[in-house]
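1. got a sequence here, can you model it:
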Amino acid sequence: MLDYSIEFLAGAGVEEIFVFCVHGADEVERYVFQSSWSNVLQVHCVKDATCATPGDALRELDKRGLVRSDPFVLMSGDVITNVDLRLALDAHAKRRKADSSAIMTMLLKPVGPPSSGGSSACVRPASEDLVVGLHPQTHRILMYDDRPHVATLKIPCDFFQACNSTIEIRNDLMPIGVDICSPEVLSRFSDEFDYRHIYKQFVHDTVAEEEEGLQSKIYAHLLANPCEYGARIVDFRTYHAISRDIIRRWCYPVGVDNLPSGYEKNYRYVMQRHFVYREVFGEPGTRIARSTQIVSDTIVGANVQIGERCIVQGTVIGNYCEIGNDVSLKDCHLWEKVCISDNVKIEGCVLCDGVVIRSGATLGTGCIIGKGCIIGENAVIPPFTRITLCVKDEEGNEYDDAFSSSKSSSSAEDNDDEIEENEDEEESDDEVLSMEDDFLVLCDKAFVSDHNVVGKDGLGRVWNPPAPEDESDYDSGEDGDAVIGDIRAQSIGYDAADFFKRRLELQSAQEALDDRDVFSDDEEEYDGTEEYSNGEVDISDNYTPGELPLGNNPNTGLDEDGFAIMGRQKGVDVVKELKMLCLEHDKGRDVTYLAIELNSFKFSQNATYSDCCTGAILAVLDLANLTTDKKIIEVIKHVEIELKYWSPLFKKLCQGIEEERAIINAIESVAVGSIGELAQVLSKEPTFRFVLQKLHDLEFLSEEAILSWAAERRRNEEDDSSDPVVKLFLQQATQEFLDWLEEETSSSEEDD
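-> Got it, this is the predicted structure:
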């Protein structure tokens, strides 16, 4: 794929290429220097193993100052395309000359929505649910939303004024992974350190800017010509779909029989009837029995042996593969040195290097069999099972090594092998079973096969998907079944109907939840005779022992003296609304945007920063998912993770001791003034003490605020020692922390 990418960029007139490498950087650099392209183009390898996201890579490029051209082409390494990029480059240059705020042009291909099930829709990831709003004439992108769990979208009215009251809304477009950018794009990523994804975050936020004159504009270049092809290989489903398109010559001149420059010395393919390709450079070593049927859409590599009465359809067979008698292969991908015995049935599977399938075995649709695995005799592998030799590591993500191949990209025989080899990543010798001289060698760590799955004479274990590190990136809920459902939707042969049905159910549930928030009980009971209250009324709230008032009284709209708060909408629970704003915040976006929302709501309801801090800390406690089955260490860890994320927000909201005291009061109110599992966790010693200490360590709370709160609680102790708030305060662990804090404060004052 690297050669295809370089050949594509060279054809577009690109003179200098930077290949950003994270894993296997030395191998990539060695291959680039040895390739024929090094004599034609300037190809540089940028190595940084610390980068975890595309945003990190762009920030590193900007830091090093390597990109000096305006514009430059930003291309993902998993792209297959035959687009004439010069048209898009010329259009971008003209827009840039007329308007300096036009910083980016995205190449989008019409493919149909993923739920349509058409052949073109298969190259679109099932997890994607992109909706794009375009200016009808200029194709400026006015809206870019790829949140599958959202059922409705909001479009600012200002955008309708900018395009004569008409916006073209489309959900049949897919970014192909090639973008034309100006240097400002790199600067924006450096300024916004939270940007991880180019499209979901950077493009989404940039096109959503409403303030005229300060907007950065992004345009779309639509691939209207049906001969233009572009797609990204992001999972096995798209891997198979794109391979099939290339076999059927939809991406011509990119094709099996037209490999990149230099490959003709090693491999040469000839197309026969019904899109059947055979490697002819090593033709004498290939033997196919007369009774075997090669139906269509098939590639047969070099030195392949196929026995009698086999049926092969839609399958890519790599070099040095051996296939026995009476074998059925449909929509499969066999990498190098795969050995399949007699009477085997396989459909929609990927078999990596050195896989052995023994006699009578059956592999269900969507299975992935990792490098060197053995499927035993008469074994039946359930659909969408993934088998690996990777040793299970509870602390790590095993996906990187589970299905990798050690062969270098220089050994590719066709376009499909190009795809396979660039899926590969460097394996760790102490974590997997390795192949040496065609023998399996068991490495240091203990490995236990799942013999109930792979058979008694099999080798390998079932790989299960790890839990997502960032649930905001997933559209399918929080449980393990949802994650497995996503993995299945990324597999070959998966009927995505259930996946899209589940998505619609989630969208409907989210929409119902939004409607419930808008039409709350308080608003339904309000008769509408008076929108704002501005007079003196009686205090009628019910205060229960141990329940703390959170700032201004939220239920009545009264201040502490019993007077109505000017400008406060009747029936609005300010703290609850502020908390909901925090809970609805998308963690993929910068928390600064939430600070703006909270501030706007504060002014609209004449609330205080204390109210904002109260609502925010209550949201943090909910998001921390504190349950009684967690140990104290786990509880504090979950709290710390959330606090670190929300830290920039609290720095903006906390103006002084009053706001910090509101945070402590809010935590107290949850611990002693409410019911539920969260209250049990916080009220159980020593949780409250450690939460308080963590807030202090992370500089949410100052010594002055904590000691001021402690002094007030000691006065309350003298008045009523039976108060639950006082009992919480008098917990031994809390007192030990306060004593330590007072000593530290005294020592600091003496040193000064």
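2. tell me who's in contact with Ile617.
-> For Ile617, the contacting residues are Ile663, Ala666, Ile667, taking Cβ atoms under 8 Å, 6 or more residues apart in numbering as the criterion. C-betas here are computed from N, CA, C, even on glycine.
3. these two touch, right, the first one and Thr614?
-> Yes. Counting by Cβ atoms under 8 Å, a contact exists between Ile663 and Thr614, whose distance comes to 7.3 Å.
4. so which of the contacts of Ile617 sit within strands?
-> Helix and strand membership here follows DSSP state E; of the contacts of Ile617, not one is in strands.
5. drop anything exposed from those.
-> In these, burial by neighbour count holds for Ile663, Ala666, Ile667, counting by 16 or more other Cβ atoms under 10 Å.
6. please report the distance of the first one from Leu222.
-> Right, the one you point to is Ile663. As defined by Cβ to Cβ, to the nearest Å, Ile663 lies at a distance of 50 Å from Leu222.
7. residues contacting the closest residue to Asn258 other than its chain neighbours?
-> Among residues not flanking Asn258 along the chain, Tyr252 sits closest, at 7.8 Å (Cβ to Cβ, 6 or more residues apart in numbering). Residues in contact with Tyr252 (Cβ under 8 Å, 6+ apart) are Asn82, Cys227, Asn258.
8. does Tyr252 belong to a helix, a strand or coil?
-> Following DSSP: H, G, I helix; E, B strand; the rest coil, we place Tyr252 in the coil state.
9. ok, now how distant is it from Ile246?
-> Taking Cβ to Cβ as the measure, Tyr252 falls 9 Å from Ile246.
10. with His696 instead?
-> His696 sits 60 Å away from Ile246, taking Cβ to Cβ as the criterion.
11. more neighbours: which of these two?
-> The residue with more neighbours, out of His696 and Ile246, is Ile246; 25 against 17, by other Cβ atoms under 10 Å.
12. ok, that one to Pro686 distance?
-> When Cβ to Cβ is applied, the distance between Ile246 and Pro686 equals 62 Å.
13. where are the low-confidence patches of the stretch 151-300 of the chain?
-> Along the stretch 151-300 of the chain, segments meeting pLDDT under 70 span 158-159, 161-163, 165, 210-214, 261-265, 282-284.
14. would you list every one of the helices in it?
-> Under the criterion DSSP state H, counting those that start in this stretch, the stretch 151-300 of the chain carries helices at the ranges 157-162, 184-191, 204-207, 236-247.
15. hey, which of those helices is tucked in deepest?
-> The highest average neighbour count among the helices of the stretch 151-300 of the chain, using mean count of other Cβ atoms under 10 Å, belongs to helix 236-247 at a mean of 23.
16. got the contact list for that helix?
-> Helix 236-247 is touched from outside by 80, 119, 122-126, 229, 231-233, 251, 254-256, 275, 277, 297-299, 314, 316, 331, 333, 348, 350, 366, 368, 415-416, 419, 423, 489-492, 494, with contacts defined as Cβ under 8 Å, 6+ apart.
17. quick one, which of those residues are buried?
-> Using 16+ other Cβ under 10 Å, the buried ones in those are 80, 122-126, 229, 231-233, 251, 254-256, 275, 277, 297-299, 314, 316, 331, 333, 348, 350, 366, 368, 415-416, 419, 423, 489-492, 494.
18. OK, contacts around Pro382?
-> For Pro382, the contacting residues are Gly364, Val453, by Cβ under 8 Å, 6+ apart.
19. burial measure for Lys456, as a count.
-> The local packing of Lys456 (other Cβ under 10 Å) involves 11 other residues.
20. excluding its backbone neighbours, what's nearest it?
-> Setting aside the residues directly before and after it, Lys456 is nearest to Gly376 in space (Cβ to Cβ, 6+ apart), at 5.8 Å.
21. with pLDDT and distance to Thr592 added, can I get the contacts of Ile617 in a markdown table?
-> Conversion of these to a markdown table gives the following (pLDDT from 0 to 100; distance: Cβ to Cβ, whole Å):
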| residue | pLDDT | distance to Thr592 |
| --- | --- | --- |
| Ile663 | 91 | 20 |
| Ala666 | 89 | 22 |
| Ile667 | 89 | 25 |
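22. in CSV: those, plus distance to Gly460.
-> What follows is these, written out as CSV (distance: Cβ to Cβ, whole Å):
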residue, distance to Gly460
Ile663, 52
Ala666, 52
Ile667, 49
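23. now, those that are in helices?
-> Judged by DSSP state H, the subset of those located in helices is Ile663, Ala666, Ile667.
24. Leu89: which of the residues you listed is nearest?
-> For the ones in helices among the contacts of Ile617, the closest approach to Leu89 (Cβ to Cβ) belongs to Ile663, at 52.9 Å.
25. return the residues in contact with the closest one.
-> By Cβ under 8 Å, 6+ apart, the contact set of Ile663 is Cys613, Thr614, Ile617, Phe650, Cys654, Leu695, Phe700, Leu701.
26. what about 6 Å?
-> The neighbours of Ile663, taking Cβ atoms under 6 Å, 6 or more residues apart in numbering as the test, are Cys613, Ile617.
27. and it, how far is that from Gln693?
-> On the measure of Cβ to Cβ, Ile663 and Gln693 end up 13 Å apart.
28. how about Leu107?
-> When Leu107 is compared with Gln693 (using Cβ to Cβ), they lie 52 Å apart.
29. neighbour-wise, which of the two wins?
-> For Leu107 and Gln693, the more surrounded residue by other Cβ under 10 Å is Leu107, and the numbers stand at 24 against 19.
30. look up phi and psi at the more buried one.
-> phi -90, psi 120 (degrees, to the nearest 10).
31. that one bridge partners, please.
-> On DSSP bridges, the residues paired with Leu107 through beta bridges are His221.
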